[in-house]
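Participant: Here is my input; please provide its structure:
(one chain, ligands or ions: 1)
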Amino acid sequence: MARAIKSKKSEKQLPIAVIGGGPAGLAAAEAAADNYKNVFLFDKNPFPARKLISRTAEYLFVAEKVSAENFADAFGPKKSFVTPALKSFGWKEISAQLKKMGVKVGPNGGNRLMISPDDISKLSTGFVKVAESAGIIFKKSCRVTDLIISHGSVKEIVVNGISHPVSAVIVACGSYSAPKIGSTRDGYEFARKAGHEIIPLKAAMVGLETVEKYGKLLDGVTVRDCRIDVYLEDELRITDRGSLIFTKYGLNGQLIQNHSAQIIELIKKGNVEIHIDQVPDMTKMEISKHLDHEFPHADRTTLFEHLNPHLPDGLLDVMDKIIRVHSGRPVSHLTTLEKKHMVLWLKDFAFTIKKPRPFNETMGVLGGVSLNDIDPGTMASKKIKNLYFAGEVLDLLGPWGGYNIEMAFSTGHLAGISASSALNGGKINRTA
Ligand SMILES: Cc1cc2nc3c(=O)[nH]c(=O)nc-3n(C[C@H](O)[C@H](O)[C@H](O)COP(=O)(O)OP(=O)(O)OC[C@H]3O[C@@H](n4cnc5c(N)ncnc54)[C@H](O)[C@@H]3O)c2cc1C
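Facilitator: Predicted coordinates:
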């Protein structure tokens, strides 16, 4: 027999159960708790926000300071689905939310909002603090294993083997990306049970191993502004500009993350090469002229001094090992052939792609709960009346740079408001 989960607030109202303690789950629970007295948040881990805090060495990008419409553009054909959620909870609300959690969030000089590596671990404790002050009952180490559905609504959830009656359920279990840190497919199974279609999962947002190995030499060197041209055999398939990181196995970073899903498909068809233009604002001719600039033979200006202001940090240090031109050489002493080598390397550093890194390292997946049966204005299931979905469990993936965390917070917030107001006769309290 089902036993009601004990609530401090009210024994009369059955709880809204939010499954998943990531950004989507927290935003959902908090918005729900504004309107409804009895909200439970379950996470199978002993602490929340595990995926977020797994990023320890690099900045975590959390939002983009642009209008909801501009932000939604990044979701391409799914723009109209995400826009209502983004309008209900955008970058301003997310910044305020993070501030409440005691986490400093700041711009990176542009529109992107980020959290520094020193602050990332505070997300977990801040999460618990915010949940407690909102009156949410946070149940850690509690894995929801089943939804009991009958007559078109979820009646109970099963937690650690025990079933509990609920008034509504918000599924915010995240995607299957990075399974090594504990992601499971539970959210998809709940959706499937409720009659939802699951769009097949494919690896995305993952590094690429290359045939050319520079190992430790290039590992960690970041090119902040470059262009990549991706060729399948001799045909140009992708061209884009942004940042990239060389790693000991090959390539990663913004451009690679954003295009890896498409590149993985190309590898199945034939030979794929990525050509990197490390100085996209200068033509080959301009660089040649720059190197040929009047340097009398006695001039001791080194390549490093001459080129460093124009090139990514660290690149000139490794040039010697890659094209055998030492950056300490005076420019005036370079041979014509050496200059040609340099220009070619700077404008067309080519890599043959071998394979993606293992699925374990994916930061996102394509696929998930189909959007066809979710109402974008409420995040409610069109199949089951008191069931809602939010965050990365949905078939939604934005580009690198904060889009996925912002999408998780926004859809979570909308799901929380919708679930609670539906139980509250349509009354909405907005504290965000
Ligand atoms: C290494 C790494 C770095 C990333 N960096 C960025 C970045 O800089 N910017 C960005 O925008 N995105 C980034 N992402 C993606 C981002 O983390 C996700 O988009 C975001 O966490 C999705 O939020 P969510 O709440 O939907 O899911 P999640 O954060 O995955 O949270 C889901 C939660 O549900 C819990 N759960 C699952 N099943 C159950 C169950 N059955 N019962 C109870 N609990 C359950 C899980 O334990 C988990 O805590 C990164 C991802 C990784 C792996």
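
Participant: Which of the helices or strands spans residue 239?
Facilitator: Residue 239 belongs to strand 235-246 when assigned by DSSP states H and E.

Participant: by contact count, what packs against the longest helix seen in the chain?
Facilitator: Longest helix of the chain, by residue count under DSSP state H: helix 403-423. If you count contacts as 3 or more CB pairs under 8 Å, 6 or more residues apart in numbering; DSSP states H and E, helix 403-423 packs onto strand 16-19, helix 23-35, strand 60-64, helix 79-88, helix 91-100, strand 168-171, strand 380-381, strand 387-389. Just so you know, the C-beta spots here come from the backbone N, C-alpha and C atoms, and that holds for glycine as well.

Participant: What angle do helix 79-88 and it make with each other?
Facilitator: On the basis of axes from the mean of the first three to the mean of the last three CA atoms, to 10 degrees, helix 403-423 is oriented at 70 degrees to helix 79-88.

Participant: Helix 403-423 - what's its average pLDDT?
Facilitator: For helix 403-423, the mean per-residue pLDDT is 97.

Participant: what pLDDT does residue 268 get?
Facilitator: The model's pLDDT for residue 268 equals 96.

Participant: Now for it: which residues touch it?
Facilitator: By CB atoms under 8 Å, 6 or more residues apart in numbering, residue 268 lies in contact with nothing.

Participant: can you offset everything so residue one is 886?
Facilitator: Shifting the count to begin at 886 puts that one at residue 1153.

Participant: What does it show for phi and psi?
Facilitator: Dihedral angles phi and psi of residue 1153 (degrees, to the nearest 10) take the values phi -70, psi -20.

Participant: what about the residue of the stretch 1186-1317 of the chain found nearest the ligand, neighbour count?
Facilitator: Closest residue of the stretch 1186-1317 of the chain to the ligand, CB to the nearest ligand atom: residue 1276 (2.3 Å). Close neighbours of residue 1276, defined as other CB atoms under 10 Å, add up to 32.

Participant: One more: residue 1161?
Facilitator: Using other CB under 10 Å: residue 1161 sits among 21 other residues.

Participant: what's the pLDDT at the nearest residue to it once chain neighbours are set aside?
Facilitator: Among residues not flanking residue 1161 along the chain, residue 1234 sits closest, at 4.4 Å (CB to CB, 6 or more residues apart in numbering). pLDDT, residue 1234: 95.

Participant: which helices and strands does the strand holding residue 1124 pack with?
Facilitator: strand 1107-1117, strand 1135-1137, helix 1139-1152.

Participant: Point out the one among these that comes closest to the ligand.
Facilitator: That would be helix 1139-1152 among the helices and strands packed on strand 1120-1131, by CB to the nearest ligand atom, at 9.2 Å.

Participant: Make a markdown table out of the helices and strands packed on helix 1288-1308 and add distance to the ligand, mean neighbour count and mean pLDDT.
Facilitator: Formatted as a markdown table, these follow (distance: least, CB to the nearest ligand atom, whole Å; neighbours: other CB atoms under 10 Å; pLDDT from 0 to 100):
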| stretch | distance to the ligand | mean neighbour count | mean pLDDT |
| --- | --- | --- | --- |
| strand 901-904 | 5 | 31 | 98 |
| helix 908-920 | 3 | 30 | 96 |
| strand 945-949 | 4 | 23 | 92 |
| helix 964-973 | 12 | 20 | 96 |
| helix 976-985 | 11 | 18 | 93 |
| strand 1053-1056 | 9 | 31 | 98 |
| strand 1265-1266 | 16 | 24 | 98 |
| strand 1272-1274 | 10 | 29 | 98 |
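
Participant: For residue 1120, give the beta-bridge partners.
Facilitator: residue 1117 (DSSP bridges).

Participant: what about it, distance to the ligand?
Facilitator: Residue 1120 is 32 Å from the ligand, where distance means CB to the nearest ligand atom, to the nearest Å.

Participant: if I pick residue 1132, what's in contact with it?
Facilitator: Here residue 1132 is in contact with 1092, 1103-1105 (criterion: CB under 8 Å, 6+ apart).

Participant: For the ligand, tell me which of these show up nearby.
Facilitator: Subset of the contacts of residue 1132 in contact with the ligand: empty, counting by CB under 6 Å from any ligand atom.

Participant: Looking at these, which one is closest to the ligand?
Facilitator: Among the contacts of residue 1132, and counting by CB to the nearest ligand atom, the member closest to the ligand is residue 1092, at 11.2 Å.

Participant: nearest spatial neighbour of the closest one, skipping sequence neighbours?
Facilitator: Using CB to CB, 6+ apart, the closest residue to residue 1092 is residue 1137 (3.7 Å).

Participant: does the one you found really touch residue 1095, like I thought?
Facilitator: No. With contacts counted by CB atoms under 8 Å, residue 1137 stays clear of residue 1095, the gap being 10.6 Å.
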